[in-house]
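**Q** Please work out how this folds:
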Amino acid sequence: MQGAIQAIRSHGNFLRNAVLQHIRVVDPVMRPAICSRFESVSSARLEENGFETTTISDVLKTKGKGADGSWLWCTTDDMVYDAVKSMTQNNVGALVVVKPGEQKSIAGIITERDYLRKIIVQGRSSKSTKVGDIMTEENKLITVRPETKVLQAMQLMSDNRIRHIPVINDTGMIGMVSIGDVVRAVVNEYREELDRLNAYIQGSY
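**A** Below is the predicted model:
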């Protein structure tokens with residue numbers, strides 16, 4: 001994962017070098033004009049449309065209305081078996097855990113990794129073990145805010161070897177994103193940047 005992040009960070013230079021390479025092979029008569037146009041793009045425009053602008057809030061919006069404040073959850077008293085069954089049915093790798101009767105108060109999260117390490121490996125029964133016994137507790141959770149940049153979130157997830165991260169604002173938890181959500185957002189952002197650099201060459205800006 002660390003290598004992937006470094007590759008993504010260097011991708012911006014790769015795209016720009018690709019544009020310069022394209023400039024080298026065009027008609028020599030046109031080269032000065034193209035170079036001038038490419039180099040004269042205002043810094044304000046580059047900041048507006050530059051790299052690493054997508055936020056976690058954008059990711060939540062992309063996931064859909066249901067993901068922004070309406071996440072899948074279970075309670076601390078639920079059996080692990082039922083929590084894992086819910087993950088399987090909804091094709092997700094983690095559930096938010098709340099205290100019984102307090103849906104807006106997060107107690108932690110339970111992930112596939114928790115199930116494997118604390119149930120399967122230890123030979124425990126998922127039908128007799130409560131979610132609260134194996135979940136990652138709220139005070140140990142690593143979280144992000146809606147304004148966090150996606151590349152920062154990816155770095156945080158990589159450094160802490162986690163695949164799911166809750167999104168918190170001043171009022172509480174508003175959703176959760178996975179490493180897959182973050183990677184897709186970063187890839188889409190750089191794809192858009194490539195389109196913009198091509199537009200510079202074509203004179204669209």
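**Q** After the lowest-mean-pLDDT helix or strand in the chain, heading C-terminal, what element do we hit next?
**A** Lowest on mean pLDDT, DSSP states H and E among the helices and strands of the chain sits helix 43-48, with a mean of 39. Once the chain leaves helix 43-48, the next helix or strand it forms, by DSSP states H and E, is helix 56-63.
**Q** for that following helix, packing partners?
**A** In terms of contacts (3 or more Cβ pairs under 8 Å, 6 or more residues apart in numbering; DSSP states H and E), helix 56-63 is packed against helix 150-159, strand 172-178, helix 179-202. Glycine gets a C-beta too; all of them are placed from N, C-alpha and C.
**Q** what does the helix or strand just after it contact?
**A** Past helix 56-63, further along toward the C-terminus, the next helix or strand under DSSP H and E is strand 73-75. Strand 73-75 is contacted by residues D82, A83, S86, L95, V96, V97, V98, K99, P100, Q103, I110, V131 when judged by Cβ atoms under 8 Å, 6 or more residues apart in numbering.
**Q** One more: stretch 121-141?
**A** 74-81, 83-84, 97, 106-111, 114-115, 118-119, 166.
**Q** what does stretch 82-101 give?
**A** 71-77, 104-112, 115, 126, 131-132, 135, 163-164, 166, 173, 176, 178.
**Q** A153: which of the contacts of strand 73-75 is nearest?
**A** V96 (17.2 Å; Cβ to Cβ).
**Q** Double-check that that closest one belongs to a helix.
**A** No: V96 is assigned strand when assessed by DSSP: H, G, I helix; E, B strand; the rest coil, not a helix.
**Q** Which residues are in contact with the closest residue to N169 other than its chain neighbours?
**A** Leaving aside its chain neighbours, N169 sits nearest to P146 (5.8 Å; criterion: Cβ to Cβ, 6 or more residues apart in numbering). Shown in contact with P146 (Cβ under 8 Å, 6+ apart): T55, I56, S57, L60, V167, N169, I174.
**Q** switch the cut-off to 10 Å
**A** 55-61, 68, 167-169, 174-175 (Cβ atoms under 10 Å, 6 or more residues apart in numbering).
**Q** Looking at pLDDT only, which of the contacts of strand 73-75 scores worst?
**A** Of all those, Q103 has the smallest pLDDT value, namely 66.
**Q** From one end of stretch 139-150 to the other, what's the distance?
**A** Start and end residues of stretch 139-150 are separated by 23 Å (Cα to Cα, to the nearest Å).
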